[in-house]
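Enquirer: Show me how the following folds:
(one chain, ligands or ions: 1)
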Amino acid sequence: MQGSPESTRSAEGGTVTLVGGGPADPGLLTVAGQAALAEADVVVTDRLAPLAALDSLPPHVEIIDVAKIPHGRSTSQETINALLVEHARAGRRVVRLKGGDSFVFGRGHEEVEACREAGVPTRVIPGVTSAISAPELAGIPVTHRGVSQGFTVVSGHVPPGHPDSTVDWAALARSGTTLVVLMGIRTLAAITAALVDAGLDPATPAAVVADAARPSQRTVRATVGDLAARVVAEQIGAPAVVVIGPVAAL
Ligand SMILES: C[S@@+](CC[C@H](N)C(=O)[O-])C[C@H]1O[C@@H](n2cnc3c(N)ncnc32)[C@H](O)[C@@H]1O
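Expert: Numbering: from 1, shown residues only. Below you'll find the predicted structure:
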């Protein structure tokens, strides 16, 4: 990536680099991501990013927290886009640090488009997505020979049956592969009910991995039939990844 046209700085010298920070643990930040952070003048960060990686940055680095806390304070996407462009146009090397991978439910490409429309050189450094790493950190492989030949990652933010839902939950119930749901804790009861209504065996193994890669990491293993009740009983909250399929029993 070094020296590529994408990494050259604008006439004013500024750049924006999107860094996928992985799931919270700075040890899971890539070497390229660490290098970008080490050169940053400004870091614009989310709450699910590996915030401990910012502790070692020199004091002159400006850190802007644009955390979008559910039902709490938030920064609009337009404001974030404008911040990135403004700082880059002022000649700064801007790192946009996100949790997981920037292009997996991360709105990363919207930020790339905004920067490119503004003529700001951008670069994207992939990250370790929670969709795969959260199950993995709990010992659950999303595929396993003889058990699951694939996996699908969907957002549970919009529940089944909602007019805005574009996910074919019935097709997922029949897929015979692993289903990974992000942002699906609030809607978990509706999701598992839709899958069972569509023919998925309620005895299918399922798991939820919360706070993956943090000291507070917790895993609940259950079945599709009782997962939602177990999550409520054990007071599991976001951020959490739901895994449905026989691999969840491994
Ligand atoms: C807006 S999405 C961002 C996903 C992120 N771009 C990624 O690739 O992991 C936020 C969701 O990711 C999942 N997530 C992110 N970090 C997590 C973590 N450390 N542990 C468990 N789930 C996590 C949760 O489902 C959370 O609601």
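Enquirer: List the contacts of the residue most central in space within the chain.
Expert: Nearest to the geometric centre of the chain sits Gly100, at 4.3 Å (CA atoms, centre = their mean). For Gly100, the contacting residues are 20-23, 48, 106, 127-131, 133, by CB atoms under 8 Å, 6 or more residues apart in numbering. For the C-beta atoms, the positions are set from N, CA and C on the backbone; glycine is no exception.
Enquirer: Enumerate the residues of this protein near the ligand.
Expert: Counting by CB under 6 Å from any ligand atom, the positions of the chain adjacent to the ligand are 23-24, 48, 98-101, 104-106, 129-131, 134, 182-183, 209-213, 238-241.
Enquirer: For the ligand, what's its nearest residue on this structure.
Expert: Nearest residue of the chain to the ligand: Gly100, at 1.9 Å (CB to the nearest ligand atom).
Enquirer: gap between that residue and Val147?
Expert: According to CB to CB, to the nearest Å, Gly100 stands 25 Å off from Val147.
Enquirer: Can you pull the domain assignment for this protein?
Expert: 5-128, 131-249 (automatic domain parsing).
Enquirer: rank these by pLDDT, which is bottom?
Expert: Confidence, taken as mean pLDDT, is least for domain 5-128 of those (a mean of 91).
Enquirer: Distance from the chain centre to it, please.
Expert: Chain-centre distance of domain 5-128: 14 Å, with CA atoms, centre = their mean, to the nearest Å.
Enquirer: my read: Glu39 touches Arg92, true?
Expert: No. Glu39 is not in contact with Arg92 according to CB atoms under 8 Å; the separation is 10.8 Å.
Enquirer: Sort out for me which of the residues of the chain next to the ligand are in strands.
Expert: Assigned to strands by DSSP state E, the following of these qualify: 98, 182, 209-210, 240-241.
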